[in-house]
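>>> Fold the following, please.
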Amino acid sequence: MTQQTGQTAIADLFIIGGGINGCGIARDASGRGLSVTLAEQGDLAQGTSSASTKLFHGGLRYLEYFEFRLVREALEERETLLVAMPHISWPMRFVLPLSPNMRFESDTPTSRLLRWIMPWARGRRPAWLIRLGLLMYDTMGGRKILPAARSVDLTRDPAGRALKPEFTRAFEYSDCWVEDSRLVALNARDAVLRGAKVMTRTRVVTAERQGDLWQITTDGPHGHEVHAARAVVNAGGPWVEDIIRNVARINSSEGVRLVRGSHIVTKRLFDHDRCYFFQGTDGRIIFAIPYEQDFTLIGTTDKDHTSAPKDAVCTDEERDYLLAFASQYFAKPVTRDDVVWTYAGVRPLYNDGAKSATAATRDYVLSLDENGPPLLNVFGGKITTYRRLAESALAKLAPRFPAAKPAWTARVPLPGGDFPHDGVADLTARLARQYPYLTPYWAARMIRAYGTDAFKILGDAGTATALGQDFGATLSEAEVRWLMTKEFAVTAADVVWRRSKLGLRMTADQITALDQFMVGAASRAFSPAAE
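Residues are numbered from 1 along each chain as shown. Next comes the predicted model:
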């Protein structure tokens, strides 16, 4: 419960960072009855959380590093999350072509073990070991919804048509897609609906312990403001170490290893809805994934990142590496002319001293500083395990909040996700019947973005004209106003590159017109509010 001290309200938790970890913790804590304030220096998911490979997955390759707890937790979460967000997450099948040139990265525990047991293999990934890994993958997480792995004859299966003829065998297994930045926005929205205060474009300047409370100074749209809280959660992602040292001014030996993951988006490279899992001669892996109906997403790289997190871009070297990697498999080489967009993000991995960026742990570490009112620092983490991370964070803080309710988020729908996990087709058909002016693409996009909330956005509009200004690519004024009032969008980039990927379909002039509209709308003081 929020209390007042002088003119300053006292929150239970003040969360720094509006990525998936910060917003996931805000939602969980608000649902337990705690008062929560969250500050994000930019837009929600503006950093790492909008630059992922868009997968809810266990991390098949992490088995090579013996990260069994992390993989098991992630596999358990896949189906838990599918049920809670069927609009923005769905099952996918991954085709893993087999080749004698596939090799381990040299410093994995599995590669070292096989060098000792099978020195004649010379670092190759044998097919039997991959099949064993897939058997573990199928059984470790209590799989119920997703189909099991199987063998594929690429000479007969449609998945083989896009590949070079030398690839004749493959394994196929299940993982899941997720709209990563929409996941963040919906967690933030649900947190607000449960009583949290979320402030975007608000930088935390200082955080100081004063007696039993934290005093936090922020700089945002309303200028400098002072907040008080019983505990602070540092979910700053790539900025977590900077927040410890320069905002909270605390000496700590813990730090992050910044690893850049870059992706390219190309014209559509194949005509089916399955993904490819490609293994390289250097021990790395990449995915080639159907993307936004008309494109293919290829990634990711793993490069140590030494500059500011905000400066992360896909370099020409990384683009060419991904093109060359994919071209080892596709029958038609993938070239620079095929690339329509690139993006990169910085993963804030816990600095465990690993030799390479690829080998650095993807597991999360929660470090609690109790030299006064508590400070919980969040290091690392995977988007797949964000909900479990939030539960673990609240468990760390539980002794300070004995009146808090128990864990509750498992399988509880996010906004718009209150329909069966296999009900997207039926819901899309219902939307199309109720609003017959929607094209098939438009109806499918609305359900995949908003689920049952699509009906609220379209309301009683009997024609497309009734939705207001048309910004192109099926983006209407009604949808933009929803994003501004419910999902914290302020600029065109928030809408076309994070809440959606309509930037791939809109012209520069259309995006400029959207920006001008949103500037005018913002001046009329839109602010997210509980319904």
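>>> does residue 460 sit in a helix or strand, and which one?
Using DSSP states H and E, residue 460 sits within no helix or strand.
>>> What's the separation between it and residue 466?
Between residue 460 and residue 466 the computed distance is 8 Å (CB to CB, to the nearest Å). For the C-beta atoms, the positions are set from N, CA and C on the backbone; glycine is no exception.
>>> what's the answer for residue 256, then?
Distance, residue 256 to residue 466, using CB to CB: 49 Å.
>>> Who has more neighbours out of these two?
Legend: neighbour count by other CB atoms under 10 Å for residue 256 and residue 466, higher for residue 256 (25 against 13).
>>> That one contacts residue 238, doesn't it?
Yes: the pair residue 256 and residue 238 qualifies as a contact (CB atoms under 8 Å) at a distance of 7.0 Å.
>>> Mutual contacts of these two, please.
Jointly contacting residue 256 and residue 238 under the rule CB atoms under 8 Å, 6 or more residues apart in numbering are residue 348.
>>> Pull the contacting residues for residue 334.
By CB under 8 Å, 6+ apart, the neighbours of residue 334 are 266, 269, 298, 323, 326, 327.
>>> Whichever of those residues end up buried, select them in PyMOL.
To isolate the buried members of the contacts of residue 334 in PyMOL, using 16 or more other CB atoms under 10 Å:
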select buried, resi 266+269+298+323+326
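>>> Which single one of the contacts of residue 334 is nearest to residue 346?
Set against residue 346, the nearest of these by CB to CB is residue 298 (18.9 Å).
>>> so who does that closest one touch?
Counting by CB under 8 Å, 6+ apart, residue 298 touches 263, 264, 265, 266, 286, 287, 288, 289, 322, 326, 334.
>>> and the third one, what helix or strand is that in?
Taking DSSP H and E as the criterion, the element that holds residue 265 is strand 256-267.
>>> Just give me the neighbour total for residue 337.
Counted with other CB under 10 Å, residues neighbouring residue 337 total 8.
>>> distance of it from residue 458?
Distance from residue 337 to residue 458, by CB to CB: 38 Å.
>>> What of residue 521?
Residue 521 sits 19 Å away from residue 458, going by CB to CB.
>>> sorry, back to before: what pLDDT, on average, does the helix or strand following the strand holding residue 265 get?
Later in the chain than strand 256-267, the nearest helix or strand by DSSP H and E is strand 275-279. Averaged across strand 275-279, the pLDDT comes to 95.
>>> Name the residues of strand 275-279 that are buried.
Buried, per 16+ other CB under 10 Å, within strand 275-279: 275, 276, 277, 278, 279.
>>> Now do it: distance to the chain's middle.
20 Å (CA atoms, centre = their mean, to the nearest Å).
>>> what does it rub up against?
Contact partners of strand 275-279, identified using CB under 8 Å, 6+ apart, comprise 60, 92-97, 99, 102-103, 125, 159, 285-290, 325-326, 328-329.
>>> returning to that earlier point: nearest to residue 401, out of the contacts of residue 334: which one, please.
Comparing these against residue 401 with CB to CB picks out residue 298 as the nearest, at 44.5 Å.
>>> State the three-state secondary structure for the closest one.
Secondary structure, DSSP: H, G, I helix; E, B strand; the rest coil: residue 298 is strand.
>>> distance of it from residue 183?
Distance, residue 298 to residue 183, using CB to CB: 21 Å.
>>> What are the boundaries of the helices in the stretch 251-400 of the chain?
Taking DSSP state H, counting those that start in this stretch as the criterion, the stretch 251-400 of the chain carries its helices at 316-327, 386-397.
>>> Tell me how far the first one lies from the chain's centre.
Pointing back at helix 316-327 there. Distance of helix 316-327 from the chain centroid (CA atoms, centre = their mean) equals 23 Å.
>>> Ok, the last one next?
Its chain's average C-alpha position is 17 Å from that of helix 386-397, according to CA atoms, centre = their mean.
>>> that older thread, got a markdown table for the buried residues of strand 275-279, with distance to residue 451 too?
Output for the buried residues of strand 275-279, formatted as a markdown table (distance: CB to CB, whole Å):
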| residue | distance to residue 451 |
| --- | --- |
| 275 | 23 |
| 276 | 28 |
| 277 | 28 |
| 278 | 32 |
| 279 | 35 |
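>>> which of the helices of the stretch 251-400 of the chain sits most buried?
Mean neighbours per residue, mean count of other CB atoms under 10 Å, is largest over the helices of the stretch 251-400 of the chain for helix 386-397, with a mean of 22.
>>> before we move on, the earlier item: now restrict the contacts of strand 275-279 to buried residues only.
Listed as buried from those are 60, 92-97, 99, 102-103, 125, 159, 285-290, 325-326, 328-329; burial here means 16+ other CB under 10 Å.
>>> tell me the contacts of the spatially most central residue of the chain?
With distances taken as CA atoms, centre = their mean, the residue of the chain nearest its centroid is residue 180 (3.3 Å). Residues near residue 180 by CB under 8 Å, 6+ apart: 20, 45, 49, 50, 51, 52, 54, 383.
>>> between these, which is nearest residue 483?
Set against residue 483, the nearest of these by CB to CB is residue 45 (13.1 Å).
>>> Next, count neighbours for that closest one.
29.
>>> Also the one 4 residues further on?
Look at residue 49: counted by other CB under 10 Å, it has 27 neighbours.
>>> For residue 46, see how far away the nearest residue to it once chain neighbours are set aside is.
The shortest distance from residue 49 to any non-neighbouring residue, by CB to CB, 6 or more residues apart in numbering, is to residue 19 (4.0 Å). As judged by CB to CB, residue 19 and residue 46 stand 8 Å apart.
>>> Give me the common contacts of the two.
residue 40.
>>> which one of those two has more residues nearby?
Neighbours were counted for residue 19 and for residue 46 using other CB under 10 Å; residue 19 has more, 29 against 24.
>>> hang on, that one packs against residue 43?
No: counting by CB under 8 Å, residue 19 sits too far from residue 43 to count as a contact (10.5 Å).
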